[in-house]
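> Okay, here's the prediction I keep looking at, along with the sequence it came from:
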Amino acid sequence: KYGKFALRMLPSGVFYDTVTNVIGPGVALNISDLFRELEALTARGVPKPNLRISDRAQIVLPYHKQLDELEEQRLGDRKFGSTRSGIAPFYADKAAKLGIQTADLFHRGRLMDRLEAALIPKNVLLEHLYREPQLSAADMLEDLIKLGEKLRPYVCDTTELLQRAVSQGETIVAEGQLGALRDPDHGIYPYST
């Protein structure tokens with residue numbers, strides 16, 4: 001009844017006031033995109049959704065987008081056609097245990113430690129492969145703390161939330177975004193996500 005929408009971060013249940021929408025721990029959470037989508041909904045008359053975000057969801061950071069862009073430029077004619085949204089560098093960090101989780105945003109010291117650890121390999125790449133200036137964790141810290149405060153009302157242990165829903169016999173609908181052949185194992189590798 002609100003018209004047509006193209007959602008990228010939000011679950012489709014946001015249009016129904018009886019639905020608790022969950023962004024789980026496996027999501028590549030781009031906080032800026034999330035809030036842009038929420039603002040776009042309210043601007044078109046959609047009531048504020050009941051939204052819960054996992055405290056273990058990992059965050060797509062500006063340096064993920066930067067590295068994605070730089071790698072596509074470096075590859076030239078051999079590029080993969082990335083959307084340049086930072087997804088490949090994000091998942092590389094997740095696999096390397098260098099990701100920043102939403103819960104980290106609420107603990108200044110831990111966030112600083114995690115950022116410093118994550119930037120060590122990135123700064124090597126930036127300086128020696130891409131010939132770009134290095135990044136500073138201190139320069140990013142305050143912006144991430146502010147984003148965390150904006151995100152705080154939505155963050156919870158979504159595993160516990162879903163386990164409680166199961167035990168109460170509630171209906172749970174799972175939603176994903178990968179299209180045909182985009183799976184990294186069964187898709188058109190390396191042009192997958």
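In hand now; what should we look at?
> Who are the contact partners of the closest residue to residue 137 other than its chain neighbours?
Excluding the flanking residues, the one nearest residue 137 by Cβ to Cβ, 6 or more residues apart in numbering is residue 115, at 3.7 Å. For the C-beta atoms, the positions are set from N, CA and C on the backbone; glycine is no exception. Counting by Cβ atoms under 8 Å, 6 or more residues apart in numbering, residue 115 makes contact with 100, 137, 140, 141, 144.
> For the longest helix belonging to the chain, buried residues please.
For the chain, the longest helix by residue count, based on DSSP state H, is helix 108-124. Within helix 108-124, the residues scored as buried using 16 or more other Cβ atoms under 10 Å are 111, 112, 114, 115, 118, 119, 122, 123.
> In terms of secondary structure, what does the helix or strand just after it contact?
For helix 108-124, the following helix or strand on the C-terminal side (DSSP states H and E) is helix 137-151. Helix 137-151 sits against helix 31-43, helix 108-124, with contacts defined as 3 or more Cβ pairs under 8 Å, 6 or more residues apart in numbering; DSSP states H and E.
> Compare these and give me the one nearest residue 156.
Closest to residue 156 of the helices and strands packed on helix 137-151 is helix 31-43 (Cβ to Cβ; 15.3 Å).
> what residues does the following helix or strand past that closest one touch?
Per DSSP H and E, helix 31-43 leads on to strand 50-54 as the next helix or strand towards the C-terminus. Residues outside strand 50-54 that contact it (Cβ under 8 Å, 6+ apart): 10, 14, 17, 19-25, 27, 29, 38, 102, 151, 154-159, 161.
> Now do strand 50-54, average pLDDT.
What strand 50-54 shows for mean pLDDT is 97.
> Go through it and flag the buried ones.
Buried residues in strand 50-54, defined by neighbour count with 16+ other Cβ under 10 Å: 51, 52, 53, 54.
> Also compute the angle for it relative to helix 31-43, please.
170 degrees (axes from the mean of the first three to the mean of the last three Cα atoms, to 10 degrees).
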